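1. would you be able to build a 3D model of this:
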Amino acid sequence: MMKKNSDINKLFEDYGDALQPQERLNSDARVAMAASNAAKRSSSHAGRRLLHLAWIVPAVCVALVTVMLLNLPIFRSPSLDDNSQKPSYGENLSGNDGAVQYYAFADVTGRSISFEDCDDILNIGALDGDKYEVVSAAYYAFYTEEGDLRYIKALLGIRSADGVFTELALIAEKDGYVREDLIQTFERNIADGGYVYGSDYDDSGEFVTQAYFQARGFHFYAVGRNGRRTTVVNDIISEIL
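-> Numbering: from 1, shown residues only. This next block holds a predicted model:
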């Protein structure tokens, strides 16, 4: 199923920007440049060839760091099938008197928020503390220019009691609104309500779990992975429904 289903592909395309990897790369670049300058001062008598190498090595290091970051699972994001249709779902969603309004990613602005700001929506606090521990978390809220909330995004690292570490990404979008690049995903999985769940290997050979559901006035897109064929992701998602 997953190889034929591209829903996962663009759900979290924007969260790499929110994590701002550039800051780490800039820091690495500054360290590399400092090392280059020190090498230049201590080996100036070695001639132009050694000086040239002193600049090449840190540049290669920065390039390697970039490649490593871009290949982390949390930054991988192929593109979702484009869909320009904007279907109507009548009274399936409670927001906006049953009508769905569409908006573009460019129409909203995100900012970091705390666990306390969003747990009434995400319900992460409902995870059984004996079974799961949230060891890393980042939360973002996205608002229109008028200050109206459109969705909340969470990036979580969860360790199970058996030691399995799971990456879980959530988008909780306010009922009555659908981001334009998520129309196809919404139509396929959420418009009729209920809980849609599936796991399979993606095109890269990684076992991925996807889930879609409605709760607490929001509809959720969830993607999780932990490097093995397991039901752990579904179990975690089931606890926060």
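
2. so where is the chain shaky, pLDDT-wise?
-> The model of the chain has pLDDT under 70 over residues 1-98.

3. go again with 90.
-> 1-99, 191-194, 197, 200-206, 227-230 (pLDDT under 90).

4. now the strands for it?
-> Here the chain has its strands, by DSSP state E, at 101-103, 109-113, 132-143, 149-160, 165-174, 177-179, 196-201, 207-215, 218-225.

5. dump the ones you listed to TSV, plus distance to Phe186.
-> C-betas here are computed from N, CA, C, even on glycine. Shown next, in TSV, are the strands of the chain (distance: least, Cβ to Cβ, whole Å):
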stretch	distance to Phe186
strand 101-103	10
strand 109-113	20
strand 132-143	16
strand 149-160	12
strand 165-174	8
strand 177-179	5
strand 196-201	11
strand 207-215	8
strand 218-225	7
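
6. and these as CSV, adding distance to Ile236 and mean neighbour count?
-> Formatted as CSV, these follow (distance: least, Cβ to Cβ, whole Å; neighbours: other Cβ atoms under 10 Å):
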stretch, distance to Ile236, mean neighbour count
strand 101-103, 29, 14
strand 109-113, 21, 13
strand 132-143, 6, 16
strand 149-160, 6, 20
strand 165-174, 6, 21
strand 177-179, 24, 24
strand 196-201, 12, 15
strand 207-215, 9, 21
strand 218-225, 7, 23
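
7. which among these is found nearest to Gly125?
-> For the strands of the chain, proximity to Gly125 was assessed by Cβ to Cβ; strand 132-143 is nearest, at 9.1 Å.

8. check which helices and strands the closest one sits against.
-> Counting contacts by 3 or more Cβ pairs under 8 Å, 6 or more residues apart in numbering; DSSP states H and E, strand 132-143 is packed against helix 15-19, strand 109-113, helix 115-122, strand 149-160.

9. the second one pairs with which strands?
-> Here strand 109-113 has these sheet partners by DSSP bridges: strand 132-143 (antiparallel).

10. the strand it pairs with to helix 115-122, inter-axis angle?
-> Between strand 132-143 and helix 115-122, the angle comes out at 90 degrees (axes from the mean of the first three to the mean of the last three Cα atoms, to 10 degrees).

11. tell me the angle of strand 132-143 relative to strand 149-160?
-> Put simply, strand 132-143 runs at 170 degrees to strand 149-160, going by the same axes, to 10 degrees.

12. closest to Gln214 out of the helices and strands packed on strand 132-143?
-> Gln214 lies closest to helix 115-122 among the helices and strands packed on strand 132-143, at 12.0 Å (Cβ to Cβ).

13. could you pull out the buried residues of the closest one?
-> 118, 121-122 (16 or more other Cβ atoms under 10 Å).
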